[in-house]
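A.B. asks: pasting the sequence and the predicted coordinates here, then a few questions.
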Amino acid sequence: MSRKCQLTGKKANNAYAISHSHRRTKKLQQANLQSKRVWWQEGNRWVKLKLSTKAIKTLEKKGLQAMAKEAGINLHHY
C-alpha cells in the first residue's frame with residue numbers, strides 16, 4: 001500500500017533541503033501517517049485505515065461515514 005492517507009489523499013511533497021551555504025538537494029516531506037482502527041457505527045465493526053494526523057482530528061468532528069462519503073470510498077472493503 002502506498003504512503004497516502006485513505007480519507008484525505010495526502011501524500012509526500014517534493015522539496016529542497018537548503019544548507020547553510022545555500023546548496024539545494026532534493027528531499028521528500030512525507031505525510032504524518034498513522035495506522036488506526038476506527039469504529040464504524042453504521043457497519044457495526046472496526047475498520048483499519050492508514051490516516052494522516054489531520055484526518056484523525058477531522059474524523060473526530062465529522063465522523064467516519066461522512067468523511068468516507070466525501071472521499072468516495074466504500075468502507076465494506078476495509
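C.D. replies: Here it is on my side, so go on.

A.B. asks: only C-alpha atoms for contact and neighbour calcs from this point on.
C.D. replies: Will do.

A.B. asks: in which helix or strand would I find the residue nearest the centre of the chain?
C.D. replies: Centroid-nearest residue in the chain: residue 5, 2.4 Å away (criterion: CA atoms, centre = their mean). Under DSSP states H and E, no helix or strand contains residue 5.

A.B. asks: buried residues in the helix or strand hosting residue 65, which are they?
C.D. replies: Using DSSP H and E, residue 65 sits within helix 64-71. Under the neighbour-count criterion of 16 or more other CA atoms under 10 Å, helix 64-71 has 64-65, 67-68 buried.

A.B. asks: identify the residues contacting the residue nearest to the centre of the chain.
C.D. replies: 11, 33, 50-52, 55 (CA atoms under 8 Å, 6 or more residues apart in numbering).

A.B. asks: report the separation between it and residue 52.
C.D. replies: Distance of residue 5 to residue 52, given as CA to CA, to the nearest Å: 6 Å.

A.B. asks: may I see the buried residues of the longest helix seen in the chain?
C.D. replies: Criterion DSSP state H: the longest helix present in the chain is helix 53-62. Buried residues in helix 53-62, counted by 16+ other CA under 10 Å: 55-56, 59.

A.B. asks: angle of it against helix 64-71?
C.D. replies: 120 degrees (axes from the mean of the first three to the mean of the last three CA atoms, to 10 degrees).

A.B. asks: what about helix 53-62, distance to the chain center?
C.D. replies: Centroid separation for helix 53-62 versus its chain: 10 Å, with CA atoms, centre = their mean, to the nearest Å.

A.B. asks: which outside residues touch it?
C.D. replies: 5, 7-8, 32-34, 67.
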